[in-house]
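# can't give you the sequence, but here's the structure:
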């Protein structure tokens, strides 16, 4: 039994302990890239995005459309580099909550349906980044070390 525990639990844990920076980096680059591009696309077509937000019943669509487009574009870019990760992750998590409520709520008939939406997956990743931060392979980490009150 000890051999099984060592091989299946402790050995992978030991290997993973050398790469704690990799998980946040991969998550940031993946979702950051996707949202940088979608945000850029929205910025290029603000009239259409504003109209879509209006049809969804999002209040102040004239203000929210450029705000969300900018948050997605620049928040995604910042996530790629690990800059202001907790703020960008939190802001993008809120946009996913609004997206689920405004565009998907009427279609949700079960937990299975809700968990099947890509917006839910993005919400989970953004929430994780907002809580855990960017990790060691980030500008945030460099700035935290440089300006830490412990120095």
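Arrived safely. Worth saying up front: this structure is predicted, and the values here are computed from it rather than measured.
# could you measure the closest residue to residue 71 other than its chain neighbours against residue 134, distance?
The shortest distance from residue 71 to any non-neighbouring residue, by Cβ to Cβ, 6 or more residues apart in numbering, is to residue 91 (5.3 Å). Where you see a C-beta, it was placed from the backbone N, CA and C, and this is true even at glycine. Using Cβ to Cβ, to the nearest Å, one gets 14 Å for the distance from residue 91 to residue 134.
# Those two: who's more crowded?
Each of residue 91 and residue 134 had its neighbours counted (other Cβ atoms under 10 Å), and the higher figure belongs to residue 134 (28 against 17).
# Residue 108 versus that one, what's the distance?
31 Å.
# So residue 24 is in contact with residue 131, correct?
No. The criterion here is Cβ atoms under 8 Å, and residue 24 misses it with residue 131 at 11.0 Å.
# Which residue of those two possesses the greater neighbour count?
Shown here are residue 24 and residue 131; by other Cβ under 10 Å, residue 24 has more neighbours (23 against 11).
# returning to that earlier point: any idea how far residue 84 is from the residue nearest to residue 71?
Distance of residue 91 to residue 84, given as Cβ to Cβ: 9 Å.
# Can you list the low-confidence ranges for this structure?
150-151 (pLDDT under 70).
# Got the phi and psi for the most centrally placed residue in it?
Taking Cα atoms, centre = their mean, the centroid of the chain lies closest to residue 126, which sits 2.8 Å from it. Dihedral angles of residue 126 (phi, psi; degrees, to the nearest 10) stand at phi -60, psi -40.
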